[in-house]
Structures are given as C-alpha cells and as structure tokens.
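[1] quick one: sequence and predicted model below, then my questions.
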Amino acid sequence: MKLLLNPGPVTLTDRVRRSLLQPDLCHREPEFFDLQDEARERLLAVYGLDRADWTAVLITGSGTAAVESMIAAVVPPAGRLLTVENGVYGERIAQMCAQYRIAHERVAGDWMLAPDLDAVAARLDAAGGTPFTHVAVVHHETTTGRLNDLQGLGAICRSRGLQLLVDGVSSFGAENLDFGDSSLAAVAATANKCLHGVPGASFVIVRREALAQAAGRAYYLDLGRLSRLQDQRGTPFTPAVHAYYALVEALREFAEQGGRAARHRRYAALAEQVRAGLENLGIGAVIAPEQSSVVLRAYRLPHGVSYETLHDALKADGFVIYAGQGDLAKTLFRISTMGNLTAEDMDRLLAAFARLLG
Ligand SMILES: Cc1ncc(COP(=O)(O)O)c(C=O)c1O
C-alpha cells in the first residue's frame, strides 16, 4: 500500500478503515441520527465550542461543498464580501461569489506572499458603493503551504464590525483557530484532511447568530436548512452514511490521541523532519517554516528533475507526493504530513529522495 503525502485523502488508520464496514444503515433510522449527533458534538469539541453559540452543520460532499455552502448562506442578500486571495482556494471563493451573484470585491495578492493587510483595510475603507459586511479568506492556503494571518484579519474585521468567513479545509483540527474572535462567523472544513476521515463528509462550524440571517441561495447546500433539520435529528437528503461512520471513528481516535494540540505537535515534528532532511539534500522549502502550516510544505523541484520523474520514482518506492497547481507544477512539489504517518515513514521517504538524487 502506498503512503499518501498529498493533502487528502489521507492514509487511514486501520481503526478508521474498519469503521467503514459497520452495518448497513438507513439514514431515516434513529441509529443514523445518533451517528449524526455524535459527529456534530465531536466537531464542536475539537475547538471546545459551546453549542449555545456554535453549530456544526454536516454536508455530504467534499471540502468545496462546505466552503460553497458557507459562502452562499452566511453573506445575507444585502451583504457585500471582500475576498482575500493568495492561491487557488482563495480564487475559488471569488468564483463562488460570482456563481451566486454575491456582491463582492477581491484583494488578490501574489501567491508566494502573505496577504497585504494594509491593502485589505484600504479596500474596506474605500468610499463608494454598498459597505462591506464580510471578509473571506483561506486559513491554510494549500497551494503553497502558507498559513494566513487570521489574527491580523480578525482585528481588521472587529474594528469595522465585519464578519470573517474562513476556509479551514486544510487546517481544521491541526492549526489554531480563534473561535473567541467575535468577528469569526464560520469555518468550513472536511473529514478527510487533518481529522483523518474519508472523503464524502464535510462541515461548516457556524455561529448560530450568523445563521439566523443566512441567505437561501443554494438548494442542496442550503446551510440554514441543513442546520435546522439536523437540529431536529433529520436530514433533507441521503447522506454519505459510511463517510459519517469514518468521521465519527476518526474523531474518537483524535480525542483519544490528545486532540488538536497533539495533532499539531505530531504534524509539526513530521513537517520539520522532512524539511530538514530535504534541505540536507539541497531541496529548499518555498515558504519559511514560521509562515507555513504544519500540514503541508511546498518545495522547489531539484535542478533538472521534472515533477513527473520525481513523482514516479517516489511512487515506485511507496510514496505519493503532490504537484504544484497550474504553472507552479513546473517549479515546485508538495508534501503533506497529514494522516497515519510516522517518523520512520519519513526516514524512508528521505532515503528514497537520497537514492533518487544520489
Ligand atoms: C484550503 C482548501 N480549500 C478547499 C479545498 C477543496 O477541497 P475538496 O477537494 O475536498 O473539495 C482544498 C483541497 O485541498 C483546500 O486545501
């Protein structure tokens, strides 16, 4: 079996893989709603959230479904959103706004750089047009491995009474998210990245207050309706029952392993091991460690080695790495250390790199 170093789906533990083999289950039976309730409770527990203020809304679909559901609902009909972009996933948020005809503007920065917070503040304060109500950003921009500064953006939003919407698809469960920040209205994420579940289940953690004013732009992805029905132990459609089995098992395992702090420590150690090992081989990281997530790092392709050559050689050794997106495929590759991976696995990965370059 190959180890997955792509940013999800991740290499599963045996325990989570076995959970997929539980009894066939009708999604209109109480056993399913027990599963749904447990998933929702445990998702709130990842960041210790109070269910009087927050709700976890489950969605059948990949991470994009959760981000789309959040964007389509949380910006009210008369709202206006500023998207802060420095990669593929930030761009997608603007594309969703265009699709749903949500009034929006973009601050699109260089993909290799942190968002320019002064430019964000200036755009928010610029005179003319309907005032902004919301700002959206990707927490961990998986395009480059950069962790964007939510604290800085939160401060900008708080001082202007704006709400912040976060794509936390590749950070939820491993990186710090300050739910105490009063500007934070919602975070969208998925089961099959830092939580170690399987693709098919995603979710939005949203302030109940923000949901109260939600727009009903989407049909299948209508966050307000999904939330309402799930609160009543219901569901509008057929959920990915098996993905929910895996999510609940993964969340139980997550809690038993020490929760978010432990997962952060584990990823940080693996990411640093890989970074230092590759540096020894002359392969540099694209973003400085202190600006990177612990989840994924991007590296420059070794001189004269194409991504395809590197990928195929490592795959033959049992490791699946990940290409850069778009034009970046020519210059960089990515390694994620999410999933059921160990320091010994990373030693073997580094040995495979050394053989390839030696
Ligand atoms: C930050 C971020 N947002 C959104 C997505 C889209 O998730 P999915 O491919 O599960 O739809 C990804 C996928 O890697 C991501 O990293």
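    Perfect, I can see it now.
[2] quick check: the gap between the residue of the chain found nearest the ligand and Thr13.
    Using Cβ to the nearest ligand atom, Gly63 is the residue of the chain that sits closest to the ligand, at 2.8 Å. C-beta coordinates here come from the backbone N, C-alpha and C atoms, glycine included. Plainly put, Gly63 is 20 Å away from Thr13 if you go by Cβ to Cβ, to the nearest Å.
[3] who's more crowded, those two?
    Comparing Gly63 with Thr13 by other Cβ atoms under 10 Å, the one with more neighbours is Gly63, at 26 against 16.
[4] phi and psi next, for Ile93.
    Main-chain torsions, Ile93, degrees, to the nearest 10: phi -60, psi -40.
[5] likewise for Ala185?
    phi -100, psi -30.
[6] hmm, it is touching Ala210, no?
    Yes - here Ala185 reaches Ala210: they are 4.1 Å apart, a contact under Cβ atoms under 8 Å.
[7] which one of the two is surrounded by more residues?
    Neighbour totals were compared for Ala185 and Ala210, and Ala185 leads with 26 against 22 (other Cβ under 10 Å).
[8] what's near enough to touch the more buried one?
    Contacts for Ala185 (Cβ atoms under 8 Å, 6 or more residues apart in numbering) come out as 74, 134, 163-165, 206-207, 210.
[9] let me see the ranges of the strands in the stretch 1-150 of the chain.
    In the stretch 1-150 of the chain, the strands defined using DSSP state E, counting those that start in this stretch lie at 3-4, 54-60, 81-85, 104-108, 134-138, 140-141, 146-147.
[10] out of those, nearest to Glu41?
    Nearest to Glu41, of all the strands of the stretch 1-150 of the chain, is strand 54-60, at 7.9 Å by Cβ to Cβ.
[11] packing partners for the closest one?
    Contacts defined by 3 or more Cβ pairs under 8 Å, 6 or more residues apart in numbering; DSSP states H and E place strand 54-60 against helix 30-46, helix 63-74, strand 201-207, helix 208-212, helix 223-231.
[12] nearest spatial neighbour of Thr130, skipping sequence neighbours?
    Arg80 (4.9 Å; Cβ to Cβ, 6 or more residues apart in numbering).
[13] for Ser19, which of the helices and strands packed on strand 54-60 is the nearest?
    helix 30-46 (10.6 Å).
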